[in-house]
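K.L.:
output the structure for:
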Amino acid sequence: MLYFNGFFGVLTLGLWIFCIVDVITTDEGSCRNMPKGMWLLLVLIVPLIGSIVWLVAGRPQHAARAPRGRYERESPAFPEYDRPGRFAATSAEDDEEFLRKCRERAEAQRRKAHED
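P.N.:
Sure, this is the predicted structure:
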């Protein structure tokens with residue numbers, strides 16, 4: 001019976017550490033039923049019961065995924081281009097002007113490098 005108690009203690013310790021880290025890393029607005037600080041206190045003060053209650057009643061529920069089409073990716077391949085305020089050409093003329101400026105700048109940099 002001693003072996004079972006040792007295993008149960010290690011299992012409880014692992015669950016407790018997991019729940020502490022989970023509470024700490026969860027966003028403040030995502031916690032359910034109580035504020036994040038109260039959840040942390042509950043898990044710290046009452047390790048086994050607090051951990052189980054956190055997993056059942058406090059941990060955020062993940063929203064159901066929206067169905068995606070066959071070729072849609074979960075995340076964009078280049079997220080840096082999806083930032084707000086990022087320039088995106090709205091017409092072919094804008095894109096051509098941008099490419100022309102890039103070529104001019106590259107040529108100027110090449111000339112400067114050859115001069116040095």
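
K.L.:
so Gln109 is in which element?
P.N.:
Using DSSP states H and E, Gln109 sits in helix 92-115.

K.L.:
mind checking how far that helix is from the chain centre?
P.N.:
How far helix 92-115 lies from its chain's middle: 37 Å, per CA atoms, centre = their mean, to the nearest Å.

K.L.:
what about it, average pLDDT?
P.N.:
Mean pLDDT, helix 92-115: 87.

K.L.:
what about the residue nearest to Asp22 when sequence neighbours are not counted, neighbour count?
P.N.:
In space, and not counting its chain neighbours, Asp22 is closest to Arg59: 6.7 Å by CB to CB, 6 or more residues apart in numbering. C-beta here means a position set from N, CA and C on the backbone, and glycine is covered the same way. If you count neighbours by other CB atoms under 10 Å, Arg59 ends up with 17.

K.L.:
same deal with Cys19?
P.N.:
Cys19 has 25 nearby residues by other CB under 10 Å.

K.L.:
hmm, who's touching whichever strand or helix holds it?
P.N.:
Applying DSSP H and E as the criterion places Cys19 in helix 2-25. For helix 2-25, the surrounding residues in contact (CB atoms under 8 Å, 6 or more residues apart in numbering) are 31, 36, 39-40, 43-44, 47-48, 50-52, 54-55, 58-59.

K.L.:
again, 7 Å this time
P.N.:
Helix 2-25 has contacts (CB atoms under 7 Å, 6 or more residues apart in numbering) with Lys36, Trp39, Leu40, Val43, Leu44, Pro47, Leu48, Ser51, Trp54, Leu55, Arg59.
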